[in-house]
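Participant: Okay, here's the prediction I keep looking at, along with the sequence it came from:
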Amino acid sequence: MYSQYIFGINLENCCMKKNLVIVGNGMVGHHFVQQAIKEKLSEHYHIHVFSEEAVPAYDRVQLSSYFKHFDLAQLNLVDLEQYQQEKIMLHQNDLVTSIDRENKIINTQNTQLAYEILVLATGSYPFVPPIPGHQHENCFVYRTISDLDAITQSAKKSKVGVVVGGGLLGLEAANALMNLGLETHVVEFAPQLMGIQLDVDGGSLLRKKIESLGVHVHTSKNTKNISAGDQHTLKIEFADDSQLETDIIVFSAGIRPQDQLAKVSQLDLGERGGIVIDNACKTSDENIFAIGECALWDQRIFGLVAPGYTMASVAASQIAGNLEKTFDGADMSTKLKLLGVEVGSIGDAHARTDKSLAYTYMNPREQVYKKIVTSSDGKKLLGAVLVGDTSDYNNLLQFYLNDMPLPAEPECLILPSMDGAPSLGIHALPDTAQICSCYSVSKSDISQAVNNGAHTISDIKKCTNASTGCGGCAQLVKDVVNHELTQLGIAVNNNLCEHFSYTRQELYHLIRVNEFKNFTDVITQLGDGTVGCHICKPAIGSILSSCWNEYVLKDELAGLQETNDFFLGNIQKDGTYSVVPRIAGGEITPEKLMVLGETAKEFNLYTKITGGQRVDLFGARLEHLPHIWKKLIDAGFETGHAYAKSLRTVKSCVGSTWCRYGVDDSVGLAINLEHRYKGLRAPHKLKLGVSGCTRECAEAQSKDVGVIATENGWNLYVCGNGGMRPRHADLFATDLDEETLIKYIDRFFMFYTRTADKLQRTSVWMEKMEGGIEYLREVIIQDSLGIAQQLEDEMQIVIQNYQCEWKTTIENSDKLKRFNHFINSSKGDDNIVFVQERDQIRPANINEKQTIKYQEVN
């Protein structure tokens, strides 16, 4: 029997009310509890929650993030203090074994309990095909925290991992195995990945992108047997007589409704399983509800959390007496990122609707695939597939969910930069538009909340739960809130993220004034004191570097860096890194050129001269990086910061030194500028150019800062850029001497670093600046704000604190430990394979890798 006291409540004194019992404390079961609190059901019932797990409900949608922190608290959903306040009794590690429907009693492993109303939220279980050998101790499923802990322990003594199943969860499991340092394979019975959500072309591109990341994909594979391996722990044998050896197998071959309790209790089940429910979420027993993945509605099992949340809300409302609220099905559209690849699927992705029309867009260079499916008259959106770029997802989803008429040329919705493509502003959405599918939050729900005083994203999350599920609607929620605030005449909140009530600009100022030098102090003093998020951590890291220019891998800063900064190199698609030493102004001696050649030859690196007049060395293995850096540093090179949001290059022509048209020494100035601003971290990357005459061979007018020599001095251009959205720089000042030129550039860079938004290029920064170039001249040249000396002093701090991060790293034995590919081994990654092309290496594609490995075996 369980204790007489739970959360300090004496059960013997709680006999006036009858029991409302929830079986299951997963995400849907927990959401029902939240809805029960909202409906004040605890005023009428004693609420008991039974869970077979030893821990309270946690966020399974974010389950894979556990491998980053191994901290269950970061996934926890249950506020135990709230449960105590509401007198909700949580019975953990207590499996419900049967239901006595006639006497309305449940039997558990530990007790019996009478109920007035019973809610089954038993969820689902992972399907493991009955393959001989699947019971081996190195075979796992990917479902619970316990599963993940077991996989992690096994991975420590393994080299190869295989995921059986190429659906959503299977690809997440593959990502987990990769992050654990294993050579990773995905085996799928169907001819493509994600066959439910994607069409053939979308699945093909997804496969190509995933293979480019180093994952081996095997489709149309029927697994027949699992036995002991020769080179590895296990051997998978397929129906086509091929084999694959591995150390770990993770099964992710779909789910099945957890309906055994209902079965032994003789509730109605579907032919293929699932507890049959009606629109009120009631089972064949009027006193028993079923919600989530265990429930079968209209012959359908809904395998996403959002429909389960809707069912939970309906069941709670029905129990509270609101019989008008019913479950009428759910949209199964989804947007997610798998192994870093953006994927979106809406409605009839396979164009199975009679006489439907399909429009497709394929960009093989950018590896983007988009498809929309419309009605035969082209007026209604029936479905969509997006792979590689899901920026159009929210736009398309609103057209689909709200049955909105399409433009006359529907293809404009997926073609890049096509005139006539509607951006579908928030004002165009009907009030009934669903913004958050996880919690069924409509535009009108958010609008009403804003009008009732919820003026921040945090407020909206608290009162509507919008954007607290998968998070995919975050930008749309923010857009609705900002639109409503504007309508009310209230200034829009541009806070950095939910953890800070400040903009990036305000945080920069506060960090500098208070001389904060680590993230802990910043979030404790200026934020909410939590661990932060993927938005604020790198942004604060950038600000700290801009202010103090300290070593980015020092203990207080290293955890804020993204992958490139974390390893001081640009990661490439095959998992190797590029090494780009600084070649200031593009000037280099023959001796240094020879060192670059010798280094590339010694470490078998692909070499290419860049548009910024540097030499890129590609294909460096993680464990080789420190050795390459040492060789280059010994020859007088230093880091070129190609991995950072900082100064990259200062491009130059040969100028007056050699060119008969040159009127000044462009190379000399370029070298001075590059050495002055190297290491300056900013909201985005910075590029400069210096031309020795108006023939402009250095293309200075396409840079963030461009300098062109004239007979009367230097002309200064600012806020240009190339890339996807090229912009010609604006002429800022003319006929400058070198001292004045450098003073203006100092001020310009620090003013930009102070006031730009995160990841905002100088061009966009100026375009959004009130007053534009004229205002910028007033601040920088005329010192209208009285901050010119401050800006110059701040730049001096950056210059004084410069250090070559490569050199600092190779001199620190603790920091060198991160440059092992495997945590538990000094060996390299065997999955990195090169082939020869044009007398240099390049990454092998998947077919070439398989051929090479076959040749090695034979």
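Facilitator: That came in fine, so what should we check first?
Participant: Next up, the contacts around the most centrally placed residue in the chain.
Facilitator: Nearest to the geometric centre of the chain sits residue 337, at 6.4 Å (CA atoms, centre = their mean). Residue 337 makes contacts with residue 343, as judged by CB atoms under 8 Å, 6 or more residues apart in numbering. No exception for glycine: its C-beta is placed from N, CA and C like everyone else's.
Participant: All the strands of the stretch 1-150 of the chain, in order from the start?
Facilitator: Assigned by DSSP state E, counting those that start in this stretch, the strands in the stretch 1-150 of the chain fall at 5-6, 9-10, 18-23, 45-50, 88-91, 96-100, 105-108, 112-114, 117-120, 124-126, 139-141.
Participant: Could you name the helices and strands sitting against the fourth one?
Facilitator: Looking back up the chat, that one is strand 45-50. strand 18-23, helix 27-38, strand 88-91 (3 or more CB pairs under 8 Å, 6 or more residues apart in numbering; DSSP states H and E).
Participant: So if we follow the domain assignment, how does this protein break up?
Facilitator: Following automatic domain parsing, the chain resolves into domains at 5-125+257-320, 139-253, 331-424, 504-561, 646-803.
Participant: residue contacts, the closest residue to residue 720 other than its chain neighbours?
Facilitator: Nearest residue to residue 720 in three dimensions, chain neighbours excluded: residue 729, at 2.9 Å (CB to CB, 6 or more residues apart in numbering). Counting by CB under 8 Å, 6+ apart, residue 729 touches 700-706, 717-720.
Participant: Switch the residues you listed over to JSON lines; also include distance to residue 502, pLDDT and secondary structure.
Facilitator: JSON lines is the format used below for the contacts of residue 729 (distance: CB to CB, whole Å; pLDDT from 0 to 100; DSSP: H, G, I helix; E, B strand; the rest coil):
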{"residue": "700", "distance to residue 502": "36", "pLDDT": "94", "secondary structure": "helix"}
{"residue": "701", "distance to residue 502": "35", "pLDDT": "94", "secondary structure": "helix"}
{"residue": "702", "distance to residue 502": "34", "pLDDT": "93", "secondary structure": "helix"}
{"residue": "703", "distance to residue 502": "31", "pLDDT": "95", "secondary structure": "coil"}
{"residue": "704", "distance to residue 502": "26", "pLDDT": "96", "secondary structure": "coil"}
{"residue": "705", "distance to residue 502": "28", "pLDDT": "97", "secondary structure": "strand"}
{"residue": "706", "distance to residue 502": "33", "pLDDT": "97", "secondary structure": "strand"}
{"residue": "717", "distance to residue 502": "33", "pLDDT": "97", "secondary structure": "strand"}
{"residue": "718", "distance to residue 502": "27", "pLDDT": "97", "secondary structure": "strand"}
{"residue": "719", "distance to residue 502": "25", "pLDDT": "95", "secondary structure": "coil"}
{"residue": "720", "distance to residue 502": "30", "pLDDT": "93", "secondary structure": "coil"}
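Participant: Out of those, which is nearest to residue 817?
Facilitator: Residue 817 lies nearest to residue 704 out of these, by CB to CB, at 36.1 Å.
Participant: Give me the number of neighbouring residues for the residue nearest to the closest one when sequence neighbours are not counted.
Facilitator: Nearest non-adjacent residue to residue 704, counting by CB to CB, 6+ apart: residue 762, 4.5 Å away. Residue 762: 26 surrounding residues under other CB atoms under 10 Å.
Participant: Quick one: buried ones out of the contacts of residue 729?
Facilitator: Among the contacts of residue 729, those buried by neighbour count (16 or more other CB atoms under 10 Å) are 700-706, 717-720.
Participant: Need those in a markdown table (columns: distance to residue 566).
Facilitator: Below are these laid out as a markdown table (distance: CB to CB, whole Å):
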| residue | distance to residue 566 |
| --- | --- |
| 700 | 33 |
| 701 | 35 |
| 702 | 30 |
| 703 | 28 |
| 704 | 25 |
| 705 | 28 |
| 706 | 32 |
| 717 | 34 |
| 718 | 31 |
| 719 | 30 |
| 720 | 30 |
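Participant: Would you map the strands across the stretch 401-550 of the chain?
Facilitator: 434-436, 441-442.
Participant: for the closest residue to residue 475 other than its chain neighbours, what are its contacts?
Facilitator: Closest residue in space to residue 475, ignoring its immediate chain neighbours: residue 394 at 7.1 Å, by CB to CB, 6+ apart. When contacts are counted by CB under 8 Å, 6+ apart, residue 394 is found next to 473, 475-476.
Participant: same thing with residue 628?
Facilitator: Here residue 628 is in contact with 579, 599, 603, 605, 617, 620 (CB under 8 Å, 6+ apart).
Participant: so the closest residue to the last one other than its chain neighbours bridges to which residues?
Facilitator: By the measure of CB to CB, 6+ apart, the closest residue to residue 620 outside its immediate chain neighbours is residue 577, 4.7 Å from it. Note on residue 577: beta-bridge partners by DSSP bridges are residue 571, residue 620.
Participant: Residue 577 contacts residue 616, doesn't it?
Facilitator: No. The pair residue 577 / residue 616 is not scored as a contact, 10.9 Å apart, by CB atoms under 8 Å.
Participant: and the longest helix along the chain, average pLDDT?
Facilitator: In the chain, assigned by DSSP state H, the helix with the most residues is helix 738-755. Average pLDDT, helix 738-755: 96.
Participant: Okay, buried residues for it please.
Facilitator: Applying 16+ other CB under 10 Å to helix 738-755 flags 738, 741-755 as buried.
Participant: what distance separates that helix from the centre of its chain?
Facilitator: 34 Å (CA atoms, centre = their mean, to the nearest Å).
Participant: Could you do stretch 69-82 as well?
Facilitator: 21 Å.
Participant: Now the following helix or strand past the longest helix of the chain: buried residues?
Facilitator: Moving toward the C-terminus from helix 738-755, the next helix or strand (DSSP states H and E) is helix 762-767. By 16+ other CB under 10 Å, the buried positions in helix 762-767 come out as 762-766.
Participant: same question, stretch 532-551
Facilitator: 532, 536-549, 551.
Participant: ok, those residues vs residue 21, which is closest?
Facilitator: residue 532 (38.7 Å).
Participant: Okay, the closest one and residue 62: tell me how far apart.
Facilitator: 15 Å (CB to CB, to the nearest Å).
Participant: Tell me which residues are up against stretch 356-371.
Facilitator: By CB under 8 Å, 6+ apart, stretch 356-371 touches 199, 201-202, 205, 208-209, 348-349, 351, 372-376, 378, 382, 384-389, 392, 410-411, 414-416.
Participant: In helices, which of those residues appear?
Facilitator: Those of the contacts of stretch 356-371 lying in helices (DSSP H): 201-202, 205, 208-209.
Participant: Top of the residues you listed by number of neighbours, please.
Facilitator: Going by other CB under 10 Å, residue 202 tops the ones in helices among the contacts of stretch 356-371 with 28 neighbours.
Participant: Give the residue farthest from the middle of this protein.
Facilitator: residue 660 (52.4 Å).
Participant: Now do that one, the pLDDT please.
Facilitator: Predicted confidence (pLDDT) for residue 660: 92.
Participant: Perfect, that will be all.
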